[in-house]
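[1] Predicted model, plus sequence, below.
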There are 2 protein chains.
Amino acid sequence: MAITIVDVAKKAGVSPSTVSRVLSNHPRISPATAAKVREVLKELGYHPNIMAKSLVSKTTNTIGLILPRPAEELFLNLFFSEVIRGIVTQSARTGYDLMMTTGTTEREELEAVTRLVKGRRVDGVILLYSRQSDPLISFMLEHGFPFVLIGRSDDFPDILSVDNDNVQAAYDATRHLIAQGHKRIGFVSGPPNLIVSGDRMKGYLQALKDAGIEARPEWIVEGDFLQESGYRAMSFFMCLPERPTGLVAIDDVVAFGVLRGLTELGYKVPDDLSLVGFNNISLSELSTPPISSMDIGIYQIGYTASQTLIRAVKGEAMPQKRVIIPHRLIVRESSLIQAKD
Amino acid sequence: MAITIVDVAKKAGVSPSTVSRVLSNHPRISPATAAKVREVLKELGYHPNIMAKSLVSKTTNTIGLILPRPAEELFLNLFFSEVIRGIVTQSARTGYDLMMTTGTTEREELEAVTRLVKGRRVDGVILLYSRQSDPLISFMLEHGFPFVLIGRSDDFPDILSVDNDNVQAAYDATRHLIAQGHKRIGFVSGPPNLIVSGDRMKGYLQALKDAGIEARPEWIVEGDFLQESGYRAMSFFMCLPERPTGLVAIDDVVAFGVLRGLTELGYKVPDDLSLVGFNNISLSELSTPPISSMDIGIYQIGYTASQTLIRAVKGEAMPQKRVIIPHRLIVRESSLIQAKD
DNA sequence: CTGAAAGCGCTTACAG
DNA sequence: CTGAAAGCGCTTACAG
């Protein structure tokens, strides 16, 4: 059986309360007693039972990370590894543990979150991504539970969140293609129910509009964040009577799918089609040709989200509700040629 | 304040014990009472406080994952995303939550584990990777705490573990190069303190020996699991008066570093140097040329580790202490040409 | 400065 | 079938 506070108290000849006080560095405790207790603590190899501690203190020193539903697919995209890397690094530094859950179905997902939140298993929660009118957000709000959203919510603009300016980022990516002389620019979007898809689409359209360039519905394709998505988009585009000469892809993995498809069909990038992706994952630098990509600071997003959440949990003042991580276009070969018109 | 068992009991006009019994589907409870209680449970939106539950039941429904020290670097390698993907999927399916910790220093690392284990925060632990005489393993053993090692331990061959046959895998990878006609074969290893590095080195050497091919110390380089490692190894090899014509790299990312360096210097793969990596991450298929890689079933390793641990935690009989996930060489262009000798 | 007591929210023998 | 009671390991007013 593990050593408890009572064991220590007995051996040290004091009361459990005193041991507890020594443990929490209570100010009014005599140095002599403290020393004695500490000695026994060490001697017996005492370690607090966190469950008991949490039960009374109502605090867990743990943050929860809710993974968007299909964890299966999730990690196929580097985005998540990278966010988690940021989160885990920062939370570890602050002495917090990280708890992860998912559910396979929407119901399971909500159940998992309920378990964490109502079961008082974590002090706060990081929500990864947001869907249109995400039920999780309402849930958190209802329960007054601390959380930070990675992304943006239309319905609740005023919650704690860490995000990019995705409209602007997509605008900038599109601008870049326009600056290269492209007049027919396509967009491979993500799942339409994700806010980020909408935001980037908006930026893309705005850039076209501002440049007085035509936006054609058939140059916009929706998919997910997987390679096949890019592959399919590519075959679609290339069969068009008038096909785009430039393409903005919502994710590098998708861009990669496009690139791969093109290469297989004997097309050249950037000559036949110029390409700009998002996320600047290692893949984009390493592919042939290297893919231009909008770096959105994923690691920093994770790091900041964790930091923000932990501050909120501790009740520290939040300078701002919404933190925007800057983006920056990394131009590479895949978009570096003037369109031939 | 959250709803407790007492609130429910009052409203239902029964004792807390009864509510608890209904909750745990105790057999000897009258259908009428059960129905009544369940109704109130729903009405009040009751959810158990997991801390309290854990405190008495001494069980947490959570498994812990200990990340090898530098989480910072960790996720740069796809291996980890992929293992975690396997772990998280399986644990979620079984209704277990996943807790992750790291420490920056060895002391912090041990502290984190102590917190999990002695604080009774998790029911069992997955250890990722093992170093020579890993202090964590002794720690677990000492405390009789359930754990499964991903990897192998020299000192404790008899612990629960999930692993590949890394000796055989490296043997097979090397054999493949030999079969392609190579006589000068190099090896880029990982950190020498990792068991896996040693195992693969051994397989590599054995394959050479069995084929009667010379093994030269200068054809073996040690590094870590990052790209630079491959890059450095490459420059070293290519400056050798007699350089290898084939190379086994301990990890695809490393192989990628080699490939990249070669390409920059104007060398051709596989013509100037044939390449075989390990892990079969997506990168290897997508690079130019695609890299031959030993698929070690990373996802399955994670999945199996979680499964094994949870079984152990539940006290189910373990058919075998050590589970070996099969490997399989995926041959691609990077190694598909006969050496010119 | 320190102890006795109550309590966090749950479970589980022990009676009946 | 059901309740009263003790207890899991800790913290924290309340006294002194």
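    Ah, there it is. Computed from a prediction, not measured in an experiment: that's the story for all the values here.
[2] what about A:Gly181, distance to chain B?
    Separation of A:Gly181 from chain B (Cβ to the nearest Cβ, to the nearest Å): 27 Å. The C-beta positions use only the backbone N, C-alpha and C, and glycine is treated the same way.
[3] how many neighbours does that residue have?
    Burial of A:Gly181 is recorded as 14 neighbouring residues (other Cβ atoms under 10 Å in any protein chain shown).
[4] Check A:Glu285 too.
    14.
[5] Would you check how far apart it and A:Met51 are?
    46 Å (Cβ to Cβ, to the nearest Å).
[6] And for A:Asp155?
    A:Asp155 is 36 Å from A:Met51, by Cβ to Cβ.
[7] out of the two, which sits in the more crowded spot?
    It is A:Met51, of A:Asp155 and A:Met51, that has more neighbours when counted by other Cβ under 10 Å, with 21 against 12.
[8] Next, the buried residues of the host helix or strand of that one.
    Using DSSP states H and E, A:Met51 sits within helix A:50-57. Across helix A:50-57, burial judged by 16 or more other Cβ atoms under 10 Å in any protein chain shown covers A:Ile50, A:Met51, A:Ala52, A:Lys53, A:Ser54, A:Leu55.
[9] Most widely separated two among the residues you listed?
    A:Ile50 and A:Leu55 (9.4 Å; Cβ to Cβ).
[10] on that earlier part again, now do the helix holding A:Met51, average pLDDT.
    For helix A:50-57, the mean pLDDT works out to 90.
[11] Report all helices and strands that the helix or strand following it contacts.
    Using DSSP H and E, the helix or strand that follows helix A:50-57 in sequence is strand A:62-66. If you count contacts as 3 or more Cβ pairs under 8 Å, 6 or more residues apart in numbering or on different chains; DSSP states H and E, strand A:62-66 packs onto helix A:78-93, strand A:97-101, helix A:106-118, strand A:124-128, helix A:298-313.
[12] picking up where we left off before, do the helix holding A:Met51 and chain B meet?
    Yes. Helix A:50-57 is in contact with chain B by Cβ under 8 Å from any Cβ of the partner chain, via A:Ile50, A:Met51, A:Ala52, A:Ser54, A:Leu55.
[13] And for stretch A:137-149?
    No. Legend: contact between stretch A:137-149 and chain B by Cβ under 8 Å from any Cβ is lacking; minimum distance shown is 9.1 Å.
[14] Can you list the buried residues in that stretch?
    Per 16+ other Cβ under 10 Å, stretch A:137-149 contains these buried residues: A:Ile137, A:Phe139, A:Met140, A:Phe145, A:Pro146, A:Phe147, A:Val148, A:Leu149.
[15] okay, those in TSV with secondary structure, pLDDT and distance to DNA strand C next?
    As requested, the buried residues of stretch A:137-149 are exported to TSV (DSSP: H, G, I helix; E, B strand; the rest coil; pLDDT from 0 to 100; distance: Cβ to the nearest atom of the strand, whole Å):
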residue	secondary structure	pLDDT	distance to DNA strand C
A:Ile137	helix	89	25
A:Phe139	helix	88	19
A:Met140	helix	90	20
A:Phe145	coil	90	15
A:Pro146	coil	93	18
A:Phe147	strand	94	21
A:Val148	strand	95	25
A:Leu149	strand	94	28
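[16] Greatest separation within these: which pair is it?
    Spanning the widest gap among the buried residues of stretch A:137-149 are A:Phe139 and A:Val148, at 14.5 Å by Cβ to Cβ.
[17] what about chain A, any weak spots by pLDDT?
    Counting by pLDDT under 70, chain A contains low-confidence ranges at A:1, A:69-77, A:130, A:132-133, A:338-341.
[18] tell me, how many neighbours does A:Leu240 end up with?
    A:Leu240, neighbours per other Cβ under 10 Å, totals 13.
[19] Am I right that it is in contact with A:Glu218?
    Yes. Counting by Cβ atoms under 8 Å, A:Leu240 touches A:Glu218, with 6.1 Å between them.
[20] okay, the helices and strands packed on strand A:62-66 in TSV with mean neighbour count and distance to DNA strand D next?
    TSV is the format used below for these (neighbours: other Cβ atoms under 10 Å in any protein chain shown; distance: least, Cβ to the nearest atom of the strand, whole Å):
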stretch	mean neighbour count	distance to DNA strand D
helix A:78-93	25	21
strand A:97-101	25	17
helix A:106-118	18	19
strand A:124-128	25	19
helix A:298-313	23	16
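[21] right, so of these, which gets closest to A:His176?
    helix A:298-313 (19.8 Å).
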